[in-house]
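K.L.:
Please work out how this folds:
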Amino acid sequence: QSGGYSLIWRATMVLLGAIRSRYLALVFRRGPISSLTSTGMLHYIINKTLVRFVRPRKKGLTELPFCECRTGSRAETDVRRCAGPELEEVGSWNQQVEREEDMRMRYSMIGVLLAIIFLAAPVQARTIKIGLILPFSGPNADLGDQMDRAVRLYLKTHPKIPGGHTIEIIRRDATGPKPDIAKRLAQELVIRDKVDILAGVVYSNNALAIIDVVNEAKVPLMIMNAASSMITTRSPYVARTSLTMWQVAYPLGGLAFKEFGIKNAAVAYANYASGIDAVEAFKASFTAAGGKIVLDVPFPFPNIPDFTPFLQRIKDTKPDGLYVFVPTGKYSSAFFTTLHTLGLREAGIKLLADGDITDENELRNLGDSALGMITLWHYSAGSDRAANLAFVAEWKKAYGADSLPGFLAVGAWDGMDAIYHAIDKTNGAMGAEATVAAWKTWKSNSPRGPVYIDPETRDIVQNMYLRETKKIGGKLINVEYRTYEAIKDPWKELNKKK
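P.N.:
A predicted model of the protein is given here:
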């Protein structure tokens, strides 16, 4: 584009030169001009302004000095007399100037027209490469598949990519929560495939490993699921369209004490970054409200353990309530099956959780044991928001009438929307700083409700919904019954005040 501006500058200079020469020729034809009159001063100002921008075309007429001469009762400046001997040739010179300036004017206008056409033409379209790191095999392949389906659906329903660019998705299989593999895949995508953006990432441990590559290569990373608050603090090139566990568990801790009557609680969680975040958030708000934590039970991760001894210990402790975080998929299904078998809820222990445990794609596996489950979450496929109804309709059209998108899908969908926004704002350049700057201005009427990326933290700001699992039309569904609007990441808000 700098070449376009240079062309416009040259063309403008030629045009101004032509205007000045034609102006001087007209001045000479008019005869003497008094510098003490308004007309004389106007001619003086015009000439001085033009001569600052263009080189003189005729020696002797360079500065057009105004010589002080006395005629009559006042001082006047006679341009004819003061311009020197060259004025003897002014008649023939005017004719020559007219011919030259006609040609110069034509060339000038052609130059300006070409410059305008050059700048009006779009920047050359290019292929933007996105490296998508997800689990495509192993026990967590269904999670990667749900996010990949959302990416494919977004591309299908948004075929017009900003700037006429094209998008190439390069998929890599992280196989599960395996940081070493995730980091190696990120290195290959950056060095060998030369991707413009890294994206996806289900697990926080994987995200934290990938960030080393992101910082070294200065490649932007769009987190579409991993939920540990610390992720976006580790690099200025990371933004997130999913959630943080603090956005969910911190409000839920206060609600447990104030609304659900839980005075003492046990906490149980998968022992990795997101699980640790979740229980710390719950404890912070629950104890601040006046509650007491009577038991802390970490579950082995990533392998699915036998939950029986852990849950039996909780049942024997007899807390008023249990807050639990387990990742969605086979892990959460195994947990809930054991919970139901041991009868913890029937023993009077109130169960509170985030929406991982009752994700729409897992409800059919949980059966009626999930009825009455209270969760706080940022997305429900059963919501009647207009944007969600359209999203679910497109999903069913693409993947079958019995298929439903879950929170993983909406995180990937919005992640693609943010990437399109960056393509538009950077005109496809996708440099790390420019891309992140664009993400900081992204906002959307998402299927989950109004969302935007906090420009200070690069985390998503979104609504949270209190929900109850019910059976409607013979199908289990999470029914939203209360909204908490525009929740930022509480962990960053609390630490900002320290």
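
K.L.:
which residue is nearest the middle of this structure?
P.N.:
Centroid-nearest residue in the chain: residue 439, 2.4 Å away (criterion: Cα atoms, centre = their mean).

K.L.:
ok, now which ones touch that residue?
P.N.:
Counting by Cβ atoms under 8 Å, 6 or more residues apart in numbering, residue 439 makes contact with 220, 222, 239, 418, 421, 422, 453, 458. For the C-beta atoms, the positions are set from N, CA and C on the backbone; glycine is no exception.

K.L.:
part of a helix, is the second one?
P.N.:
No. Secondary structure assignment (DSSP: H, G, I helix; E, B strand; the rest coil) places residue 222 in strand, not in a helix.

K.L.:
who's it bridged to?
P.N.:
residue 199, residue 239 (DSSP bridges).

K.L.:
For residue 162, see how far away it is.
P.N.:
16 Å (Cβ to Cβ, to the nearest Å).

K.L.:
Could you check which of those two is surrounded by more residues?
P.N.:
Set residue 222 next to residue 162 and count neighbours by other Cβ atoms under 10 Å: residue 222 wins out with 28 against 16.

K.L.:
shouldn't that one be in contact with residue 419?
P.N.:
Yes. Using Cβ atoms under 8 Å, residue 222 makes contact with residue 419 at a distance of 6.2 Å.

K.L.:
Touching both of those two, which residues are there?
P.N.:
197, 199.

K.L.:
you'd agree residue 470 is in a strand?
P.N.:
Yes. Under three-state DSSP, residue 470 sits within a strand.

K.L.:
show me what contacts the residue nearest to it when sequence neighbours are not counted?
P.N.:
The spatially closest residue to residue 470, leaving aside those adjacent along the chain, is residue 479, at 5.1 Å (Cβ to Cβ, 6 or more residues apart in numbering). Counting by Cβ under 8 Å, 6+ apart, residue 479 makes contact with 380, 382, 467, 468, 469, 470, 472.

K.L.:
Can you pull out the low-pLDDT segments for the stretch 1-150 of the chain?
P.N.:
Filtered on pLDDT under 70, the stretch 1-150 of the chain yields the residue ranges 1-123.

K.L.:
Let's see that with 90 instead.
P.N.:
Along the stretch 1-150 of the chain, the model assigns pLDDT under 90 to residues 1-125, 139-140.

K.L.:
still on that earlier bit, can you pull the buried residues of the host helix or strand of the residue nearest to residue 470?
P.N.:
Using DSSP states H and E, residue 479 falls within strand 475-487. For strand 475-487, a neighbour-count test (16 or more other Cβ atoms under 10 Å) marks 476, 477, 478, 480, 487 as buried.

K.L.:
what bridges to the last one?
P.N.:
To tie it back to what came earlier, the one meant is residue 487. Counting by DSSP bridges, residue 487 is bridged to residue 462.

K.L.:
if I read this right, it contacts residue 465, doesn't it?
P.N.:
No. If you go by Cβ under 8 Å, residue 487 and residue 465 don't touch, sitting 10.4 Å apart.

K.L.:
what touches both of these two?
P.N.:
Joint contacts of residue 487 and residue 465 (Cβ under 8 Å, 6+ apart) do not exist.

K.L.:
after the helix or strand where residue 285 lies, next one along is what?
P.N.:
Using DSSP H and E, residue 285 maps to helix 273-289. The helix or strand immediately downstream of helix 273-289 is strand 292-299, counting by DSSP H and E.

K.L.:
list the helices and strands that following strand packs on?
P.N.:
Under the contact criterion of 3 or more Cβ pairs under 8 Å, 6 or more residues apart in numbering; DSSP states H and E, strand 292-299 touches strand 264-270, helix 273-289, helix 308-317.

K.L.:
returning to that earlier point: quick one, grab the pLDDT at the residue nearest to the centre of the chain.
P.N.:
Note on residue 439: pLDDT of 99.

K.L.:
so what's it closest to, chain neighbours aside?
P.N.:
Residue 439 sits nearest to residue 239 (Cβ to Cβ, 6+ apart), 4.3 Å away.

K.L.:
from memory the one you found sits against residue 458, does it?
P.N.:
Yes. Residue 239 is within contact range of residue 458, at 4.3 Å (criterion: Cβ under 8 Å).

K.L.:
More neighbours: the two, which one.
P.N.:
More crowded of residue 239 and residue 458, by other Cβ under 10 Å: residue 239, with 28 against 22.

K.L.:
about what we covered before: ok, of the contacts of residue 479, which come out buried?
P.N.:
380, 382, 467, 468, 469, 470.

K.L.:
Quick one: residues contacting the spatially closest residue to the second one that is not a sequence neighbour.
P.N.:
To tie it back to what came earlier, the one meant is residue 382. In this structure, residue 382 finds its nearest non-sequential neighbour in residue 477, 4.2 Å apart by Cβ to Cβ, 6+ apart. Going by Cβ under 8 Å, 6+ apart, residue 477 touches 360, 363, 380, 381, 382, 469, 470, 471.

K.L.:
Next, format those as a markdown table and append distance to residue 143.
P.N.:
Below are these laid out as a markdown table (distance: Cβ to Cβ, whole Å):
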| residue | distance to residue 143 |
| --- | --- |
| 360 | 13 |
| 363 | 16 |
| 380 | 18 |
| 381 | 16 |
| 382 | 20 |
| 469 | 20 |
| 470 | 25 |
| 471 | 25 |
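
K.L.:
Give the single residue among these positioned nearest to residue 346.
P.N.:
residue 469 (16.3 Å; Cβ to Cβ).

K.L.:
Surely that closest one is in contact with residue 478?
P.N.:
Yes. Proximity of residue 469 to residue 478 meets the contact threshold set by Cβ under 8 Å, at 5.6 Å.

K.L.:
any idea of the mean pLDDT in the helix or strand residue 322 falls within?
P.N.:
Here residue 322 sits within strand 321-325, counting by DSSP H and E. Rounded to a whole number, the mean pLDDT of strand 321-325 is 96.

K.L.:
what angle do it and helix 308-317 make?
P.N.:
Interaxial angle, strand 321-325 versus helix 308-317 (axes from the mean of the first three to the mean of the last three Cα atoms, to 10 degrees): 150 degrees.

K.L.:
Strand 321-325 pairs with which strands, parallel or anti?
P.N.:
Here, using DSSP bridges, strand 321-325 pairs with strand 264-270 (parallel), strand 350-354 (parallel).

K.L.:
That strand vs helix 273-289, what angle?
P.N.:
Using the same axes, to 10 degrees, the direction of strand 321-325 lies 150 degrees away from that of helix 273-289.
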